[in-house]
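Chemist: Could you work out the structure for the sequence below:
(chains A and B)
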Amino acid sequence: GQQVMQIPQYQHVQEGEDFTTYCNSSTTLSNIQWYKQRPGGHPVFLIQLVKSGEVKKQKRLTFQFGEAKKNSSLHITATQTTDVGTYFCAEPMDSNYQLIWGAGTKLIIKP
Amino acid sequence: NAGVTQTPKFQVLKTGQSMTLQCAQDMNHEYMSWYRQDPGMGLRLIHYSVGAGITDQGEVPNGYNVSRSTTEDFPLRLLSAAPSQTSVYFCASSYLIRPYEQYFGPGTRLTVT
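Modeler: Now for the predicted structure:
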């Protein structure tokens, strides 16, 4: 079945360092969504990317959609403790309204 | 708006017991779904519904039943609880138009002993 591969599984950073997570698909993505789940919380929608090569920013977060619409990335500049959590990408399916989820990347800030 | 609500927040069951996890939304979303999330894992779809009276299976439906008698409510029933069903259960809802952004409830943490 269709899959969205997300890497890495974990990323340990010092506070103030950058963080990046990547999602890749073998097929062309219609669009892609990003969600954040805080520890002990539930996933919360961050953003959707639709256009080839699209770049969107939310403060220190930069979201990119590949030119071929087969990959996407989320980059956080100068991480803060409030960024801790797991970041998921997801592809919406027009056929049945489901989301195909990546496995998530857990951002851990080293003490 | 309350958004998506789930009850209970925590539950402990013994093997073989049955129970119903409740989910309700007040956003008039047509689409509702149940996921389970195991420690350190992603989200796996159990069942979903695109409207009242319509339900379908997701990736991991065995051991679970659902019904959708109203737009607002989408309960998940565990028929005979097993330790393998220990997990966090999330209910989510969305419109049936793009971008299909899903709104999640706070989750139910279920332990089966």
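
Chemist: What's the separation between A:Lys70 and chain B?
Modeler: 19 Å (C-beta to the nearest C-beta, to the nearest Å). Every residue, glycine included, has its C-beta placed from N, CA and C.

Chemist: what's the burial count for the residue lying closest to that residue once chain neighbours are set aside?
Modeler: Nearest residue to A:Lys70, sequence neighbours excluded (C-beta to C-beta, 6 or more residues apart in numbering or on different chains): A:Ser25, at 5.3 Å. Neighbour count of A:Ser25, defined by other C-beta atoms under 10 Å in any protein chain shown: 21.

Chemist: what's the distance between A:Ser25 and A:Pro43?
Modeler: Going from A:Ser25 to A:Pro43 by C-beta to C-beta, to the nearest Å gives 19 Å.

Chemist: how about the residues of chain B near chain A?
Modeler: B:31, B:33, B:40-43, B:45, B:48, B:50, B:56, B:58, B:90, B:92, B:94, B:96, B:98-107 (C-beta under 8 Å from any C-beta of the partner chain).

Chemist: Which of these are buried? Put it as a ChimeraX command.
Modeler: The buried residues among these can be selected in ChimeraX (16 or more other C-beta atoms under 10 Å in any protein chain shown) with this line:
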select /B:31,33,42,43,45,48,50,58,90,92,94,99,100,101,102,103,104,105,106,107
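
Chemist: can you give me the strands in chain A?
Modeler: A:5-7, A:10-13, A:19-24, A:32-37, A:44-49, A:55-58, A:61-65, A:71-76, A:85-92, A:99-101, A:105-109 (DSSP state E).

Chemist: can I get these in CSV with mean pLDDT and mean neighbour count?
Modeler: Conversion of the strands of chain A to CSV gives the following (pLDDT from 0 to 100; neighbours: other C-beta atoms under 10 Å in any protein chain shown):
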stretch, mean pLDDT, mean neighbour count
strand A:5-7, 95, 16
strand A:10-13, 96, 15
strand A:19-24, 97, 21
strand A:32-37, 97, 23
strand A:44-49, 96, 18
strand A:55-58, 98, 13
strand A:61-65, 98, 19
strand A:71-76, 98, 20
strand A:85-92, 94, 24
strand A:99-101, 90, 22
strand A:105-109, 97, 19
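
Chemist: In TSV: these, plus distance to B:Leu79.
Modeler: As requested, these are exported to TSV (distance: least, C-beta to C-beta, whole Å):
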stretch	distance to B:Leu79
strand A:5-7	33
strand A:10-13	35
strand A:19-24	35
strand A:32-37	28
strand A:44-49	31
strand A:55-58	43
strand A:61-65	41
strand A:71-76	39
strand A:85-92	29
strand A:99-101	25
strand A:105-109	33
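
Chemist: All set, thanks.
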